[in-house]
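K.L.:
Quick check, what structure comes out for this input:
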Amino acid sequence: MGVATSEEDWRAEERRDEAKQIELWEGNLKKSSGMSGFEKIDFLALGLKNMAYRKSRFNHGKEVDKMFEEIQTTILAIPGHAEFYRDRINEARANLDGATLNGNVTKIAERRSDWSSAKFGFGVMSYLPSPETVRVLGEFLGDDRGKIVVPKDAGDDEKQGPRANVPNSYQAVMALHSLPIVSKPYRPLGGQFVDDDFEPSIASWQIWYEQIKSGNRTFRFEGDPTEYDLNGPASKELIQRVERDRKRDDERAVGHKKSSTTPAPEPTLTQTNKPYSIAWLVAASGLIGAAVWYLLRGRKTA
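P.N.:
Numbers count the residues shown, from 1 in each chain. Down below sits the predicted model:
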C-alpha cells in the first residue's frame, strides 16, 4: 500500500512540474513574438530542449508534445536557424584556439567556458529537422578541431577528460543521428553511440552528405513526404534523375549477382573440332566392320 501511494505521489508531482513548465513556455512563446529572429532562437532554445526531454519521459502529457511542436515550428520558420549556431560555434572555437596558441591561461579558461556554451547549439540543431540544419551539420563532419587522441592503454582519468571537449565532427554526427532522417547511413548496433561508433559513423555520413551535395541523392524526414536537397524541396527533375540512377544501379547490381552465380555452360564442339571427331567416328566404324567380316569369313572356311 505504501509503495502504491509513493508511486501515485511521484506521478502527481511529475504532473504538477510538467504543468508549471508548460505554463512557463506558453508565456515565453507569446513573449518571443516581439523579438527579432536570432534573439527569438536564443530565447526559445532552452524551451525546445526542455520539452524534448519531457517528450522522452514515459507517460508524459499530450501538452508536452504540443508545446514542443509549437516551439520547434517557431524556430524552424526563422531563416538562418542553423547558421546562427554554426557561426556561434565557429567563433567560440576560433577564440579558444587563439587563446591556447598564445598561452594565456586566464583567457583559455574564459574561452573554454564560451566554447562549452556554444556547443549547446549542436543539441538544439538535433531537434530542428530542415535542409539548412543538414547542410550546417554536414559541413561540420570534416571539422576535427578539438580532437584529442587518447592512447588505447590510457587510464580512466585520461579517457574521461577529452569527452568534455570532443571535436565538432563528433558533435555533428550525433546531431545528425538524432534528426528524424529516413534511411540513415549508419545506425549503432545498440542504438546508442559508444566511442568505437564515431569514426565509422562519420565516414558513412560523409559519403551520404557528399552524394546530396553533388546532386546524386535527396533525403526526407519521417512524417514528411517531401524530398529535399541542401537548399530546400528538391526539383522534380532532380528527383526523377536520382530515381532513374537508383533503378539503373539496382539493375546492374542484380545483373552482376546473376552472372556471378550462373554455372559455366557445358563445353560444345567447335567448328575446328568437328572434322577430327567425324574422322575418328569413320575410322572406328571401319575397324568394327573389318572385325565382323573376319569372323564371318572364318566360319565359312571352317
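K.L.:
Please report phi then psi for Asp229.
P.N.:
When quoted as degrees, to the nearest 10, the phi and psi of Asp229 stand at phi -110, psi -170.
K.L.:
so when I look at Gly215, I'm seeing a helix, right?
P.N.:
No - counting by DSSP: H, G, I helix; E, B strand; the rest coil, Gly215 falls outside a helix, being coil.
K.L.:
tell me which element the closest residue to it other than its chain neighbours is part of?
P.N.:
Closest residue to Gly215 apart from its sequence neighbours, by CB to CB, 6 or more residues apart in numbering: Leu238 at 6.4 Å. (Each C-beta comes from the backbone N, C-alpha and C, glycine too.) Using DSSP states H and E, the element containing Leu238 is helix 236-261.
K.L.:
in the protein, which spans are strands?
P.N.:
Applying DSSP state E to the chain gives strands spanning 228-229, 232-233.
K.L.:
Can you add mean neighbour count and give those back as a markdown table?
P.N.:
Shown next, in a markdown table, are these (neighbours: other CB atoms under 10 Å):
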| stretch | mean neighbour count |
| --- | --- |
| strand 228-229 | 20 |
| strand 232-233 | 12 |
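K.L.:
Which one, of those, ends up nearest to Glu91?
P.N.:
Nearest of the strands of the chain to Glu91, taken as CB to CB: strand 232-233 at 26.4 Å.
K.L.:
chain center to the closest one, what's the gap?
P.N.:
19 Å (CA atoms, centre = their mean, to the nearest Å).
K.L.:
partners of it in the sheet?
P.N.:
The strands that strand 232-233 pairs with in its sheet are strand 228-229 (antiparallel) (by DSSP bridges).
K.L.:
how distant is the strand it pairs with from the center of its chain?
P.N.:
From the chain centre to the centre of strand 228-229 is a distance of 15 Å (CA atoms, centre = their mean).
K.L.:
The residue nearest to Gly215: neighbour count?
P.N.:
Neighbour count for Leu238, taken as other CB atoms under 10 Å: 16.
K.L.:
so Leu44 touches Glu26, yeah?
P.N.:
No - contact criterion CB atoms under 8 Å: Leu44 and Glu26 do not qualify, at 11.9 Å.
K.L.:
Out of the two, name the residue with the larger neighbour count.
P.N.:
Neighbours were counted for Leu44 and for Glu26 using other CB under 10 Å; Leu44 has more, 23 against 16.
K.L.:
Look up how far Ala253 lies from that one.
P.N.:
Distance of Leu44 to Ala253, computed by CB to CB, to the nearest Å: 46 Å.
K.L.:
Dump the strands of the chain to CSV, plus distance to Gly103 and mean pLDDT.
P.N.:
Below are the strands of the chain laid out as CSV (distance: least, CB to CB, whole Å; pLDDT from 0 to 100):
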stretch, distance to Gly103, mean pLDDT
strand 228-229, 45, 96
strand 232-233, 45, 96
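K.L.:
now those as a markdown table including distance to Phe84?
P.N.:
Below are those laid out as a markdown table (distance: least, CB to CB, whole Å):
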| stretch | distance to Phe84 |
| --- | --- |
| strand 228-229 | 20 |
| strand 232-233 | 18 |
